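Peer 1: Pasting the sequence and the predicted coordinates here, then a few questions.
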Amino acid sequence: MNQMTRIDPVLETRMANAIRALAMDAVEAAKSGHPGAPMGMADVATVLFHRFMRVDPADPRWPDRDRFVMSAGHGSMLVYAIHHLLGYDDMGLDQIRAFRQMGSRTAGHPEYGHAKGIEVTTGPLGQGITSAVGMALAERMAHARWPDLTDHYTYVIAGDGCLMEGISHEAIDLAGHLCLGRLIVLWDDNGITIDGGTDLSTSTDQQARFAAAGWHVQAVDGHDREAIAAAIEAARADDRPSMIACRTIIGFGAPNKQGGHDVHGAPLGAKEIAAARKMLDWPHEPFTLPEDVTAAWAAIAARGAQARADWAARLETSANRAAFLAAQGAPDAPALRKAIAEYCQRLAQDRPKVATRKASEMALEVINATLPQTIGGSADLTGSNLTRSTGMASIKPGDYAGRYIHYGIREHAMAAVMNGIALHGGFVPYGGTFLAFADYSRPAIRLGALMGVPVVHVMTHDSIGLGEDGPTHQPVEHLASLRAIPNLQVFRPADAVETAEAWEIALTSEGTPSVLALSRQNLPTVRIEDEDTNRSRRGAYVLRATPTPRDVTLIATGSEVEIALAAADLLRAERINAAVVSAPCFELFARQDRAYRQGVLCDAPRIGIEAAIRQGWDLFLRPEDGFVGMTGFGASAPAPALYRHFGITLEATAELARKLIKGED
């Protein structure tokens, strides 16, 4: 909105009070929810949307829209109220009345994909602000490529909890370093947490903290709308990311409960709601909105529709049109299939013996040359993760034309920032760290799986095979913990061919994030057939069949496939038929039909082989089957010594096979 346009302060007050009324009525109807934040931040949100935001409810995915992230996701009714007022066609009063009820779009926290216009799932505090950093970075990267088609802001409402969570430190630091000037955070500085006043648990000067990280910082009365507008104007004019500390009264308008922690996460009650209606001069029945208010909010949507139409006209005549539109869609799967197939044919001929982290780097040379929208990165482990291919320039402060992000030692932020980049659109991000550090990334990986965001997490040093760094760095339970996350694909490839196949699957899986668990130690090429089929798509397959009915099935992943093949050779010399199954992705195997799974596993005794704990192997192993792997933590020693010490050897596998065939425990 042109700031010379006259603002009717009385009407704008009523627009804010409409948010408050819908929030308290919906929470009361549900007998559950958080009215405090929506009521406290209603003035800030109204100014933001009334005077600045460019969104079009008729086209919620318009690429150059402003992004709004409710990082304090417990205040979800603020989002739902605004969407109803703006006229989103999936957010009628029926949805507001059904807040937090089964099947409604108005979930307890904003859920990406459940309702139009929700940019990211929030609720786990700190995730929203960090994903917003990814969105703001993606905007700058897109602007560097298509400046005539990308020019928007990312706005965040964050609470004290968002800023207390450790991930926020990583996000704030990275955003300040990269000078993400199109990122504006509105801090709901109400001084209240669930337990009581924030002085119970923190003395941090948040404004000084943001300033130290290179942010533009302001403080305003969060109920002074002209001050709020002036602060947002100043933030938009500054080249740095901005934080505006909005001093608010939680539950503003509830005369007997506002300002206290009791209003944070519980319904106000009928008596207090009646008092609030009187205090706010809101004489309307529950869920009833006056026409002048709905018309004012509708005008915001109309302004956004005009902005989108203007952008669409620019798109039609832009020299960047084709490249821009291509980047908004899914990666070019046919082109990638052709490139990977040709590459795998060369691998079958050359049979390299390389670590799968190196195999990943080799595959990325092919992938990044084929797909221009891939964006790589690492959490300060580029030389170990091998995530940077030839010619990938670094993204730097003020220079966003590159394709490689140095995330620093910020694994948690990296995972959430990648979620934000993917949600923004235009790019396919991948980032690397050690598998043991998946514990740092896991909350954001889980959220990405919940949202169905196609991000690739490269996790190297995947077992005790990393050797001398010892048990702190040797993952034993991490594969099981990641496989336990619904809608996450976990790949542990056995060689260069499976690594390339895993990359192809990960990059063409539109609604699923993926983890690639890759070895430090060199592994031989076990897929030596010259074939044009991505066998890893099945999740598991018979790598080596037997000439006659099998006596035992050896099932292995990653570096242990080599052990399974060697054990099968030893058993074959004893006239024991051992089939070898490679299982690079449990999740994909679980999707196969019963007949295929039975054909791969058969009825003979089975042995799982993985340098990790057995948990999660029930897809392959019955209670009577065997397992060669870890039962505790690792140790510091060279990798071969560790495998011998923990009994993950071909000899141990063969001996267990003999016992199972004989029916011995």
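Peer 2: Arrived safely, thanks for sending.
Peer 1: From now on I want contacts and neighbour counts done on CA atoms only, so please keep to that.
Peer 2: Fine.
Peer 1: now the strands for the stretch 51-200 of the chain?
Peer 2: 67-70, 154-158, 183-189, 192-193, 196-197 (DSSP state E, counting those that start in this stretch).
Peer 1: List the contacts of Ala393.
Peer 2: By C-alpha atoms under 8 Å, 6 or more residues apart in numbering, the contact set of Ala393 is 401-404.
Peer 1: give me that answer again for 6 Å
Peer 2: 402-404 (C-alpha atoms under 6 Å, 6 or more residues apart in numbering).
Peer 1: Now render those as a markdown table, adding neighbour count and secondary structure.
Peer 2: Converted to a markdown table, those look like this (neighbours: other C-alpha atoms under 10 Å; DSSP: H, G, I helix; E, B strand; the rest coil):
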| residue | neighbour count | secondary structure |
| --- | --- | --- |
| Gly402 | 17 | coil |
| Arg403 | 22 | coil |
| Tyr404 | 24 | strand |
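Peer 1: So which bits of stretch 81-99 are buried?
Peer 2: Of all the residues in stretch 81-99, those buried under the rule 16 or more other C-alpha atoms under 10 Å are 81-88, 90-91, 93, 95-99.
Peer 1: And stretch 473-488, by the same measure?
Peer 2: So, applying 16+ other C-alpha under 10 Å, buried residues of stretch 473-488: 473-480, 482-483, 485, 487-488.
Peer 1: give me the low-pLDDT residue ranges for this protein?
Peer 2: 1-5, 665 (pLDDT under 70).
Peer 1: my read: Leu588 touches Gly539, true?
Peer 2: Yes - distance between Leu588 and Gly539: 4.3 Å, which falls inside the contact criterion (C-alpha atoms under 6 Å).
Peer 1: Give me the more crowded residue out of these two.
Peer 2: Gly539 (22 against 17; other C-alpha atoms under 10 Å).
Peer 1: who's in contact with the more buried one?
Peer 2: Counted by C-alpha under 6 Å, 6+ apart, Gly539 has contacts 583-586, 588-589.
Peer 1: what helix or strand is Glu664 on?
Peer 2: In this assignment (DSSP states H and E), Glu664 forms part of neither any helix nor any strand.
Peer 1: Tell me how many other residues crowd it.
Peer 2: 9.
Peer 1: could you measure it against Lys396, distance?
Peer 2: From Glu664 across to Lys396, the span is 62 Å (C-alpha to C-alpha, to the nearest Å).
Peer 1: What of Asp173?
Peer 2: In terms of C-alpha to C-alpha, Asp173 sits 14 Å off from Lys396.
Peer 1: now Asn320
Peer 2: Taken as C-alpha to C-alpha, the span from Asn320 to Lys396 is 23 Å.
Peer 1: Equivalent analysis for Val417, please.
Peer 2: Here Val417 is placed at a distance of 16 Å from Lys396 (C-alpha to C-alpha).
Peer 1: try Ile96
Peer 2: Taking C-alpha to C-alpha, one finds Ile96 at 44 Å from Lys396.
Peer 1: same deal with Gly40?
Peer 2: 37 Å.
Peer 1: neighbour-wise, which of those two wins?
Peer 2: Using other C-alpha under 10 Å, the more surrounded residue of Gly40 and Lys396 is Gly40, with 30 against 15.
Peer 1: That one: what's it in contact with?
Peer 2: Gly40 makes contact with 248-252, according to C-alpha under 6 Å, 6+ apart.
Peer 1: Neighbours of Arg572, how many?
Peer 2: 14.
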